[in-house]
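Chemist: Generate coordinates for the sequence data below:
(3 chains)
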Amino acid sequence: MGRDSILKAIKQHKPDLLPLPEIDGARFDDDVNLLDIFKHNVTLVGGSIKEIDKTLIDQEIKKQFPDAKSIVALAEASSLGTISVNKQTNPHDLATIDLAIVNGAFGVAENGAVWISEKESIVRVLPFITNDLVVILSKEQLYLHMLNAYDAISTRDRSFGVFISGPSKTADIEQCLVIGAQGAMSLTILLV
Amino acid sequence: MSHAEKATIFNKNEAKVNWHDKALWYVREKRDNAAHNVKEWEYLRDLASAIKANVLSDLDTYLVEFEANALKNGIKIHWASDAEEHNAIIGKILDDNNAEKVVKSKSMLTEECHLNPYLEAKGIEVVDTDLGEYIVQIAKETPSHIVLPAIHKTKEEVDELFQEHLGTKPSNGNPEYLTNEARKHLRGKFLKADVAITGVNFAIADTGGIVVCTNEGNADMGSHLANVHIASMGIEKIIPKEAHLGIFLRLLARSATGQPITTYSSHFNKPAEGKEMHIVIVDNGRTEQLSREDFRASLHCIRCGACMNTCPIYRRSGGHSYEATIPGPIGSILSPGKDLTKHSSLPFASTLCGSCSNVCPVKINIHEQLYKWRQIIVKDVKQPIVKKSILKIAGSVLAKPKLYDFAGKSARFMLKYTPRFMIYSKLNAWGKARELPEIKNENFDQWYKINRKK
Amino acid sequence: MKVGLFIPCYINQLYPQVAIATLELLEKLGVDVYYPKGQTCCGQPLGNSGYEGDAKGSCQVFVENFKEYDYIVGPSGSCIYHVKKHFDIIEQTPEVIKVRNNAYELCEFIVKILGKTDLGASFPHKVGLHKSCHGLRGLHLGSCSERMDPPFSTEEDLLNNVKGLELMSLTRKDECCGFGGTFSVFEEAISVKMGRDRIQDHLDNNVEVITGADHSCLMHLEGLINRNKQPLRVMHIAEILNSSI
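Modeler: A predicted model of the protein is given here:
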């Protein structure tokens, strides 16, 4: 049906082969403080970020989310979890989660994004369906920009992964920015 | 109706035009600031453009590579030559899964294929879950902008719509309240959906995966909850390597809204355990556009909407004046390829100022393509006889200096001595709001003859 | 160096003072300038309306008129842009190529070829510069607000050297005025709205005189200003550069 006719039409209509450009990555290098830029951009995209001692993580989370009851904690640095999840967990069962605490694989300075793959979230929907999201991230794990970021995940086991930059947001009503659209209402990054 | 007629109607409410213009100009300024913060922005654009040009020149190979990798990962691949096939494929998947409820995230392709009415006719509940798309869906309208679908609506209008459809309280258009009410309502829809349909921002040949970008998280809420995820993509969404996302994701959100990246950039490579994932690869006129040498670069488009935000005509005429799925400058070079007669006024809805080509992250020569479409349209689409004959006569006069000299002098004579009411008649579009130049006694030719003797 | 003066059709017929200022300015700068007889039009209105095929005759006339000159200089960015960009519809003989390569907009010719920016002019007024799209984005007379290139402006370099002239900054530095040739009549409502918005920007920034290197934009703006009796004057940049107290 479609496949062969589409491929045939493309073969017939495509122009002569044009080369893929060489990417001169050095042109994007910049001698800047990754941590400062990352912090700046996390705040810019509506997230909050704090450098913290590893032993004080739970104390800090309790202070920030005193009312959180249903908590999924997948980061080993936190023992606040009240609900355990595994690969077989029905994602619908997470609809009433107040808080999810997950590890971030790494951060990207230029846009404040963190990479979270299925390895970190176990259930794909978790970082989206939770009301609030806390990401524990090592401050050693920062890259300047997205080209570096893709180098870092080039050999990963590919199933699902997401760059998350700040909390869910929309500006669809008269261009007024509202935090908390369909995904998590807040994003807190704790740097250790 | 032509673009000019629709634009004239839009301009009857000048306050709204001013609001629309300023709101979109603000997005353009945010884009400028974001781009200024990137070292080597213009080099990024060069790379993105060259990658897209390479893709088009080897598109069949990349599609086959993409398909093979996706199949290896357990994704089901479908091919659709046109909108009808696209809708039928999706209809069949829904039937196979006994699906009754569908949530959709933003996909201009499904708009192009008119998927919603097709599914609704089958008795399926379809909910658009991007807030802007949800607003236009309940208003029974179409998006007026590809990134900001409800930019034509005031918050008061949204307030009224939500009162009617969601039973909200009157709030004078409070955006936080309204967004939160929509969130609660859409939560229910996500949890009950059988199938989630999303668009595709990028399809990566060397991994067989796709990337979907949203700010709201709606594509993820839908696709991770429902048992079946269907993603629709145009054949031109392919990029060769995953590493190239490092170029495109740096450009996309900055160009679109001035954000450094969208909130969520989700990479789907395999269906989750026990779930299904389908990708529908759609032509629907794209291979025909590929055959048009002058216009094929329009297929570079990554749907950022920057050309709309910068276009002084789009900002002042609104997206609906284009009467096309994709409005604005990029729509004006894509749409004539689909239906030349229907969209024949669109390439003329431009001053050819070139700002669109300058903001385009993949460097589509939009304004040059508008010029080229004009040359085709006057040949292939019936033109108003007056316009046609005036310009034909002008062409022959301008080719003959003596005739031109006479015509120029007599035109000046006419302008100078014709009574004002004749020049400023209703037929004279120039004179409705503008004065004509004051006519001097002599033209430069005459002055030169008297004052310079070489 | 022999320079052929290109006076666009509408300037010849409607704005002879702009042509005179251009000629006098070039003479003042010591240029050996000639005005070839029998000039008509570059063909831009036809091309932009979709009838570029009918403009071949006027392209030939243009080349015939200017083939013997080292440079072709004209006070209108969009006409020069048309010659450089769209004269590909006629056979590319060595003469055609030479004319296209050597066609210059007035300001660019003065700055780039003559290497001058201070022309000894004086004009003690608050001036707003309208950067016409074809000059800016087509001929690259300056950096464009959309692109992340180092900032420069040919016209500003000249105006900043005019004694007493105060160059006012605008909120939208290079937005189109809405003229667009036949766009101005076929899309009348938007054209007028765009023009009015441009004028308001100049008024909001205390401009007394709007200038620019393309008189077609200025004709459109002047038409609106005169109809609405707004306190602004419109002058071609050649008139300002040619003025002295």
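Chemist: Over to the nearest residue to residue C:215 once chain neighbours are set aside: give its phi and psi.
Modeler: Leaving aside its sequence neighbours, residue C:215 sits nearest to residue C:236 (C-beta to C-beta, 6 or more residues apart in numbering or on different chains; 5.1 Å). Every C-beta, even on glycine, is put in place using the N, C-alpha and C of the backbone. Note on residue C:236: its backbone torsions stand at phi -70, psi 150 [degrees, to the nearest 10].
Chemist: Same check on residue A:181?
Modeler: phi -90, psi -110.
Chemist: separation between it and residue B:46?
Modeler: 34 Å (C-beta to C-beta, to the nearest Å).
Chemist: try residue C:176
Modeler: 25 Å.
Chemist: which one of these two has more residues nearby?
Modeler: Legend: neighbour count by other C-beta atoms under 10 Å in any protein chain shown for residue C:176 and residue B:46, higher for residue C:176 (29 against 15).
Chemist: Pull the contacting residues for the residue nearest to that one when sequence neighbours are not counted.
Modeler: Leaving aside its sequence neighbours, residue C:176 sits nearest to residue B:353 (C-beta to C-beta, 6+ apart; 3.8 Å). Residue B:353 makes contact with B:312, B:367, C:133, C:137, C:176, C:180 under the criterion C-beta atoms under 8 Å, 6 or more residues apart in numbering or on different chains.
Chemist: again with residue B:42
Modeler: Residue B:42 neighbours (C-beta under 8 Å, 6+ apart): C:147-149.
Chemist: out of these, who's nearest chain A?
Modeler: Nearest to chain A among the contacts of residue B:42 is residue C:148, at 13.2 Å by C-beta to the nearest C-beta.
Chemist: Can you give me the distance of the closest residue to that closest one other than its chain neighbours to residue B:255?
Modeler: Among residues not flanking residue C:148 along the chain, residue B:41 sits closest, at 4.2 Å (C-beta to C-beta, 6+ apart). According to C-beta to C-beta, residue B:41 and residue B:255 sit 10 Å apart.
Chemist: What of residue A:74?
Modeler: 35 Å.
Chemist: These two: which is more packed in?
Modeler: Comparing residue A:74 with residue B:255 by other C-beta under 10 Å, the one with more neighbours is residue B:255, at 28 against 20.
Chemist: hmm, back to that, from the contacts of residue B:42, list just the buried residues.
Modeler: In the contacts of residue B:42, burial by neighbour count holds for C:147-148, counting by 16 or more other C-beta atoms under 10 Å in any protein chain shown.
Chemist: how about the residue nearest to residue C:148, phi and psi?
Modeler: phi -60, psi -50.
Chemist: these two touch, right, it and residue C:146?
Modeler: No - using C-beta atoms under 8 Å, residue B:41 is not in contact with residue C:146, being 10.5 Å away.
Chemist: shaky segments in the chain?
Modeler: Looking at chain A here, since you left the chain open. Low-confidence segments of chain A, defined by pLDDT under 70: A:1.
Chemist: Actually, chain B is the one I wanted.
Modeler: B:413-427, B:454.
Chemist: Look through it and state the residue closest to chain C.
Modeler: Counting by C-beta to the nearest C-beta, chain B gets nearest chain C through residue B:399, at 2.4 Å.
Chemist: which residue sits closest to that residue, ignoring its sequence neighbours?
Modeler: Nearest to residue B:399 is residue C:57, by C-beta to C-beta, 6+ apart, at 2.4 Å.
Chemist: Please, which helix or strand holds the one you found?
Modeler: helix C:56-66 (DSSP states H and E).
Chemist: same question for that helix, mean pLDDT?
Modeler: Mean pLDDT, computed over helix C:56-66, is 95.
Chemist: Provide a list of residues in contact with residue 53.
Modeler: No chain specified, so I'll use chain A. residue A:192.
Chemist: hmm, I had chain C in mind actually
Modeler: So residue C:53 contacts B:375, C:89 (C-beta under 8 Å, 6+ apart).
Chemist: Ramachandran angles for it?
Modeler: phi -60, psi -30.
Chemist: same deal with residue C:103?
Modeler: Dihedral angles (degrees, to the nearest 10) for residue C:103: phi -80, psi 130.
Chemist: pretty sure it contacts residue C:84?
Modeler: Yes - with contacts counted by C-beta under 8 Å, residue C:103 reaches residue C:84, the gap being 5.8 Å.
Chemist: which SS state does residue C:129 fall under?
Modeler: strand (DSSP: H, G, I helix; E, B strand; the rest coil).
Chemist: Residues in a beta bridge with it, which ones?
Modeler: Beta-bridge partners for residue C:129, by DSSP bridges, are residue C:211.
Chemist: and residue C:234, bridged to which residues?
Modeler: residue C:210.
Chemist: which residues in chain C form strands?
Modeler: C:2-5, C:32-34, C:71-74, C:103-105, C:126-130, C:166-168, C:209-212, C:233-236 (DSSP state E).
Chemist: What of chain B?
Modeler: According to DSSP E, the strands that chain B contains are B:76-80, B:101-104, B:125-128, B:195-198, B:202-204, B:209-214, B:228-234, B:238-239, B:264-268, B:276-282.
Chemist: so can I have CSV of these showing distance to chain A and mean neighbour count?
Modeler: Formatted as CSV, the strands of chain B follow (distance: least, C-beta to the nearest C-beta, whole Å; neighbours: other C-beta atoms under 10 Å in any protein chain shown):
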stretch, distance to chain A, mean neighbour count
strand B:76-80, 4, 20
strand B:101-104, 10, 24
strand B:125-128, 11, 21
strand B:195-198, 11, 28
strand B:202-204, 10, 24
strand B:209-214, 6, 25
strand B:228-234, 10, 24
strand B:238-239, 10, 24
strand B:264-268, 4, 26
strand B:276-282, 7, 23
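Chemist: Now distance to residue B:409 too, for these, in CSV please.
Modeler: Shown next, in CSV, are the strands of chain B (distance: least, C-beta to C-beta, whole Å):
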stretch, distance to residue B:409
strand B:76-80, 62
strand B:101-104, 64
strand B:125-128, 62
strand B:195-198, 65
strand B:202-204, 61
strand B:209-214, 61
strand B:228-234, 55
strand B:238-239, 60
strand B:264-268, 65
strand B:276-282, 59
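Chemist: Domain map for chain C?
Modeler: C:2-113, C:126-241 (automatic domain parsing).
Chemist: So for the longest one, mean pLDDT?
Modeler: If you average the pLDDT over domain C:126-241, you get 97.
Chemist: all helices of chain A, in order?
Modeler: A:2-13, A:34-44, A:57-64, A:118-121, A:126-129, A:146-152 (DSSP state H).
Chemist: which one of the strands of chain C has the most crowded surroundings?
Modeler: Most buried of the strands of chain C by mean neighbour count (mean count of other C-beta atoms under 10 Å in any protein chain shown) is strand C:103-105; its value is a mean of 26.
Chemist: contacting residues around residue B:447?
Modeler: C:16, C:19-20 are the contacts of residue B:447 under C-beta under 8 Å, 6+ apart.
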